[in-house]
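**Student:** Sequence below, structure please.
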Amino acid sequence: MARRRGLTADEKALWSRIAATAVPMHPSKPPEPTPLPKPSLPATPEPAQPAPLPDFRIGAKPLKGAATRIDLSPHPGRALHDQPLRMDHKTHRRMAQGKLAPEAQIDLHGMTLNVAQPALTRFILNARTSGLRLVLVITGKGRQGGPDAPLPVRPGALRHNVPHWLHMTPLDQLVLQVKPAHRRHGGEGAYYVYLRR
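**Tutor:** Okay, the predicted model is just below:
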């Protein structure tokens, strides 16, 4: 009977990254811990220099022979929620409740990432030049993959990339705060962008 091979350090690291992105199917029930398989003894010797993990982020160059890219980055709404508040609390509360009307908006639906990023940059630069403070960026929620879609590919490339673009040069100097929009202004498919004076 053949012995089972244990997990390498790279495989354990990859598994922990994937497990951290898991979302409970039944939120009312407490999540059950997922046990890692126990390595069999004797363990396989560790390589002197472990092979680098592939970059699974959207836009990353695929490795040779890799057919799909998997995005393991956190959900953008969760990442934006964790950012410190840099704007006035009262204004932020009114914005989060959908009581502040955006002064301008851009709809990125149907654009590729290569077209959407320069369009977003132009829009933010023009809004700042015009003296606007609150603008709306509509990304859409993204389409779910069909039955043949590779798993676990997350839908909504624009929705996941727009917050990153807004925190990159040259927009990072113009943007004070980015938050998911209230449902009256698009909900999960849009972002409020509050610009600096």
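**Student:** Give me the helices and strands touching the longest helix anywhere in the chain, please.
**Tutor:** Longest helix in the chain by number of residues (criterion: DSSP state H): helix 113-129. Applying 3 or more CB pairs under 8 Å, 6 or more residues apart in numbering; DSSP states H and E, we find helix 113-129 packed against strand 104-107, strand 134-138, helix 157-166, strand 190-195. Using the backbone N, CA and C atoms, a C-beta is placed for each residue, glycine as well.
**Student:** hmm, who's touching the last one?
**Tutor:** Taking CB atoms under 8 Å, 6 or more residues apart in numbering as the criterion, the residues outside strand 190-195 that touch it are 80, 87, 91, 95, 100, 102, 124, 127-128, 132-139, 162-163, 166, 174-182, 185.
**Student:** Give me the ChimeraX select line for those, limited to the buried ones.
**Tutor:** Remark: buried members of the contacts of strand 190-195, expressed as a ChimeraX selection using 16 or more other CB atoms under 10 Å:
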select :80,95,100,102,124,127,128,132,133,134,135,136,137,138,139,162,163,166,174,175,177,178,179,180,181,182,185
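**Student:** rewinding a little: and the longest helix of the chain, C-alpha only, in CSV?
**Tutor:** Taking C-alpha atoms only, helix 113-129 is exported to CSV below (Å, rounded to 0.1, in the frame of the first residue of the first chain):
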residue,chain,number,x,y,z
LEU,A,113,-9.8,47.1,-18.2
ASN,A,114,-7.5,48.7,-20.7
VAL,A,115,-10.2,51.2,-21.8
ALA,A,116,-11.7,51.7,-18.3
GLN,A,117,-8.6,52.8,-16.5
PRO,A,118,-7.7,55.8,-18.7
ALA,A,119,-11.4,56.8,-18.9
LEU,A,120,-11.5,56.8,-15.1
THR,A,121,-8.3,58.8,-14.8
ARG,A,122,-9.6,61.4,-17.2
PHE,A,123,-12.9,61.6,-15.4
ILE,A,124,-11.3,62.1,-12.0
LEU,A,125,-8.9,64.7,-13.3
ASN,A,126,-11.7,66.6,-15.0
ALA,A,127,-13.9,66.4,-11.9
ARG,A,128,-11.0,67.8,-9.7
THR,A,129,-10.3,70.6,-12.2
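**Student:** average pLDDT for it?
**Tutor:** With pLDDT averaged residue by residue, helix 113-129 scores 94.
**Student:** where in the protein is pLDDT low?
**Tutor:** Along the chain, segments meeting pLDDT under 70 span 1-2, 26-82, 143-155.
**Student:** if we go to 50?
**Tutor:** Residues of the chain that meet the criterion pLDDT under 50 lie in 58, 65-71, 151-153.
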